[in-house]
Structures are given as C-alpha cells and as structure tokens.
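Asker: Can you look at this prediction? I've put the sequence above it.
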Amino acid sequence: MNLTITDVRLTPILVADPPLLNTQGVHQPYTPRLIVEVVTADGITGVGETYGDAKYLELARPFAERLKGRQVSDLNGLFTVADQVAVDASRVENAVDVGGLRGVQTADKLRLSVLSGFEVACLDALGKALGLPVHALLGGKVRDAVEYSAYLFYKWAGHPEGVPAEKDDWGAALDPAGVVEQARRFTERYGFTSFKLKGGVFPPDEEIAAIKALAEAFPGHPLRLDPNGAWSVETSVKVARELGGVLEYLEDPALGTPAMAEVARRTGVPLATNMCVTTFAEIKEAFTRGAVQVVLSDHHYWGGLRNTQQLAAVCRTFGVGVSMHSNTHLGISLAAMTHVAATVPNLHHACDSHYPWQSEDVLTERLAFEGGRVAVSDAPGLGVELDHERLAALHQRWLDDDGTLRDRDDAAAMRVADPEWVTPAMPRW
Ligand SMILES: O=C([O-])C(=O)C[C@H](O)[C@@H](O)C(=O)[O-]
Ligand SMILES: [Mg+2]
C-alpha cells in the first residue's frame, strides 16, 4: 500500500444560499466553499471541504504544494506544514472572522481553517485505503446516529429583485408566526426535535416573542437563541430572565468573556458560544471565569476532527458541555461532522447544521436526516462520493463571478436591498 500524496486538487466553488438574516446583514445568493481532493500513489482520492474565501484560498495553495510527497497517514505533520504557510498580516490586523460571527481572526486560526480541509481529505483517503470508516480512525463511534437541531433563521421570501439567485420554497419568516411555520417544516421534512433561532436581527422583544411562540408550539422541546453578541449585558440579562425557563441554552448573547461571565453569573441560564471561545488560547480565561457552559465546536476552525476531540476532552475536564457550530456547508463537511460527533462521548446537545438550507451539493447522493439524525456511515472513509459534474458546474459559477461573491460579505449583500445599511455597532441593543 502506497499512501504517498501525489496530487492535491483545490476547487473553489459558489453554492446557492437563501436570504438568511443575521445581525450583520443577509446571506449572499451564492457563497464560496473550497473542495479539496488529495490523491495517493495508489490512485485513491480523499475529499475535504472548508471555507472558500480569498484569505483561505491564498493559504490553501502553498499548503497543497507542500503536501505532495507526504503520507496521508501523517496527520500530525499537517500542523508542521501549517506553520510553514505565511499569513499576510493585513488578514489578521484588528480582524474578526466572517464579519464578526465566528470570533477572533488570528493567523493560527486561518491556518487551522485550511488545515481542517486537508485533514478530512487525508482521513477519507486513509480510510478508503484501509477499508475503515473515518470514525474508526478516530478511535471508534460511541453512537450510531448523530442528532442535529433545526437551524431557524429570519429570512426573506427571496433575494432582492433583479439579483441572480436560486429560488427556495421556504417562504418568508419575519415574525413569530413565520418562525413557528418554518420550524414545523423542519420537523416535517427532517424530523428535528430541537430548534435554534438565529437572533440579533430584530429588537430583543420580537425575538423573545418568537421563542415563546416556539415554546408554545413545541412544548418541552430544546430551544436556543443566538444573537451573535448583539446585546449589552443588561439586555442579555433581561432576555435570559424572560426566557430562562424555556431555553436549553442562550448562545453568545453578549460579546467577549467578561460580558458573558457577568450574564452567566447574574442569570444562571447556560451560555453557549462559538464567538468568545474559538481557539485553545481562549479556553482558560473563559472556563475559569464561568463565562460559558457549552462550547460549540467546529472542526473547520478548531483545526480538524482530532482537534475537535481534544477540545471535547478539555471541556469534559472542566465540566463544560459540547455541541457543534455550523455555517453554510455541504455534504462532505456534514459527513465529517457526523464522524467526529459519533466519537465524542460528552456530546449531549444536538449539533447545528446549515445543510437543510443548501439546495446544492457536490455529492452523488445527499446525506439524509431521519428523525433529526444522520446515520453514522460504516463505509470506508467518509462514506461519500464526489459528483465531478456538479463540482465542475459550481466551479464554473465561481470562475464566471467577477469577484463580487468570492468573499462572503453579509453587510454588502444587505446593501443591495438597503443602500444605507452599515454593519451595526455592537452591542446593537
Ligand atoms: O452560530 C453561529 O453563530 C453561526 O452559525 C454563525 C453563522 O455564520 C450564521 O450566523 C450565519 O451563517 O448567518
Ligand atoms: Mg452562534
């Protein structure tokens, strides 16, 4: 068996995304992703997926060159390679990840976000070579299916008039009734039983009303609200007091560890985060100050599936819960999330996934949610197959774009509808 990497293919694509609202603005009609293929001397191809914006592409290209001649089994070596890839200082000076939705942006985090795509591709190739599923390479699954939550968004019925976009059949959701209707569709289509609402879009009272409407429509079901740090401590405390009885957790109500610690102390409502703890360096202060009770892991920026397991072990040590964060992703990443989630013993919350919002994929067969769960594949590797024609078509869309959509910018997408829109100053309320 020859596990030497002989070729690495990088294919940036643009995939359709509905007009989902968040505190920064609205999702663009098409969003960038990067598909990674790692080929071994024996002709085995492993696939991975990560962010496709320019700042990731510019790191992925030299990274890919350095991988040739290495072994797909040399997963630790990926970190050595990552350290050799230079990050342009302008990418990290006073920068926040994707306009502020994913916490700090450091050189290391950018490198790890690229590394994770290669790690998944190497694991897929290694699993195929050995005839083992990725979860077995990670130590084995402790569950046969992974539970996901319905990721509810305020949304428009369609992208602004005249903007090229794919249509979706979800309709608008701009008030409590619309949110409940969207949740019903999620349960009918996918069987989800827990719900997360992306907040920070409307004044807090409206979002409180939406959560109360969900609690009434789905009594006893786990509910989460995530305004992406849009509230002051006082507003967060008020919302936490109003909703404390019905929330499984409140996600990133306020920005930063000191503010989160104060909200946690004054309310006792469990706080989750994918903003104030997004790197290993941020853990110590946040955990010792009791700022977060649940960390939303994300293998993309934590540096892969094995780093996700290490994060889970640290959380377990501190009695902090683990769940999983997501933003726009395709089936390769959902498969990767499912494999690693299957191996984490202390994963007691349903994971987030944007996948139901993605009408397009690069796989021959989409992954399915049944009863809100994705079955853990026991096929070799990730258990997914790339559809090369689809990949080529979505790459062609990326090639045809004049550059406007190649970097995700929710505020710019909002300005198409509202030319006066500027990224709101935080806290917004
Ligand atoms: O939980 C979160 O904060 C997210 O999922 C961040 C995402 O980027 C989401 O807000 C989005 O895509 O609008
Ligand atoms: Mg969040």
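Answerer: Sure, I can see it. Ligands and ions are numbered 1, 2, ... in the order given.
Asker: Tell me how far the most centrally placed residue in the chain lies from ligand 2.
Answerer: Centroid-nearest residue in the chain, with CA atoms, centre = their mean: S326, separated by 2.0 Å. S326 is 9 Å from ligand 2, where distance means CB to the ion, to the nearest Å. No exception for glycine: its C-beta is placed from N, CA and C like everyone else's.
Asker: Now do the same contact list for that residue.
Answerer: S326 makes contact with Y151, D298, M337, C351, D352, S353, H354, Y355, according to CB atoms under 8 Å, 6 or more residues apart in numbering.
Asker: List the residues that contact the third one.
Answerer: Applying CB under 8 Å, 6+ apart, we find M337 in contact with V146, H299, M324, S326, C351, S353.
Asker: on that earlier part again, which ones among the contacts of S326 are found in helices?
Answerer: Those of the contacts of S326 mapping onto helices are M337, per DSSP state H.
Asker: wait, F287 sits on L311?
Answerer: No: with contacts counted by CB atoms under 8 Å, F287 stays clear of L311, the gap being 11.6 Å.
Asker: Any idea how many residues pack against R70?
Answerer: 18 (other CB atoms under 10 Å).
Asker: My read is that it contacts L3, right?
Answerer: No: using CB under 8 Å, R70 makes no contact with L3, being 9.2 Å away.
Asker: Would you mark the buried spots in the biggest helix by length in the chain?
Answerer: Criterion DSSP H: the longest helix present in the chain is helix 107-130. Neighbour counts over helix 107-130 (16 or more other CB atoms under 10 Å) mark 107-129 as buried.
Asker: Repeat that for stretch 235-250.
Answerer: By 16+ other CB under 10 Å, the buried positions in stretch 235-250 come out as 235-240, 242-243, 246-250.
Asker: Ok, stretch 251-260 next?
Answerer: For stretch 251-260, a neighbour-count test (16+ other CB under 10 Å) marks E251, D252, P253, A254, L255, G256, T257, A259, M260 as buried.
Asker: Could you find the closest non-adjacent residue to the last one?
Answerer: With CB to CB, 6 or more residues apart in numbering as the criterion, M260 has its nearest non-adjacent residue at 4.0 Å, and that residue is A291.
Asker: I'd like to know which of the buried residues of stretch 235-250 are part of helices.
Answerer: Per DSSP H, those map to helices at T235, S236, V237, K238, V239, A240, E242, L243.
Asker: Tell me the one of these nearest ligand 1?
Answerer: Nearest to ligand 1 among these: S236, at 15.1 Å, using CB to the nearest ligand atom.
Asker: pLDDT value on the closest one, please?
Answerer: Predicted confidence (pLDDT) for S236: 98.
Asker: Also the one 10 residues further on?
Answerer: Here the pLDDT value assigned to V246 is 96.
Asker: For it, give its distance to H221.
Answerer: Using CB to CB, to the nearest Å, V246 is found at 9 Å from H221.
Asker: same deal with T273?
Answerer: Look at T273 and H221: by CB to CB, they are 22 Å apart.
Asker: if you count what's nearby, which of these two comes out ahead?
Answerer: Applying other CB under 10 Å to T273 and H221 shows that T273 carries more neighbours, namely 26 against 18.
Asker: my guess is that one meets M260, correct?
Answerer: Yes: using CB under 8 Å, T273 makes contact with M260 at a distance of 6.8 Å.
Asker: shared neighbours, these two?
Answerer: Residues touching both T273 and M260 (CB under 8 Å, 6+ apart) are D252, A286, A291, V292.
Asker: SS state for the third one?
Answerer: This points to A291. Following DSSP: H, G, I helix; E, B strand; the rest coil, A291 is assigned to coil.
Asker: swap in the one 5 residues further on?
Answerer: Following three-state DSSP, the label given to L296 is strand.
Asker: Next, the contact list for it, please.
Answerer: Contact analysis of L296 by CB under 8 Å, 6+ apart lists E251, A272, T273, N274, S323, M324, H325, D352.
Asker: I'd like the distance between it and ligand 1.
Answerer: Distance of L296 to ligand 1, computed by CB to the nearest ligand atom, to the nearest Å: 6 Å.
Asker: In the stretch 251-400 of the chain, where is pLDDT below threshold?
Answerer: In the predicted model, the stretch 251-400 of the chain carries no residue with pLDDT under 70.
Asker: now the helices for the protein?
Answerer: Under DSSP H, the chain gives helices at 54-67, 77-84, 107-130, 134-137, 176-190, 204-217, 233-243, 257-267, 283-288, 299-302, 305-318, 331-343, 388-400, 410-417.
Asker: export those helices to CSV and tack on distance to ligand 1?
Answerer: Below are the helices of the chain laid out as CSV (distance: least, CB to the nearest ligand atom, whole Å):
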stretch, distance to ligand 1
helix 54-67, 15
helix 77-84, 23
helix 107-130, 13
helix 134-137, 23
helix 176-190, 15
helix 204-217, 14
helix 233-243, 15
helix 257-267, 14
helix 283-288, 16
helix 299-302, 11
helix 305-318, 16
helix 331-343, 13
helix 388-400, 19
helix 410-417, 7
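Asker: Figure out which of those is closest to I13.
Answerer: Of all the helices of the chain, helix 388-400 sits nearest to I13, with 3.7 Å by CB to CB.
Asker: Pull out the buried positions in that closest one.
Answerer: Buried residues in helix 388-400, counted by 16+ other CB under 10 Å: R390, L391, L394, H395, R397, W398.
Asker: and the residue lying closest to L132 once chain neighbours are set aside, what does it touch?
Answerer: Leaving aside its sequence neighbours, L132 sits nearest to P380 (CB to CB, 6+ apart; 6.2 Å). Contact analysis of P380 by CB under 8 Å, 6+ apart lists G127, K128, L130, G131, L132, P133.
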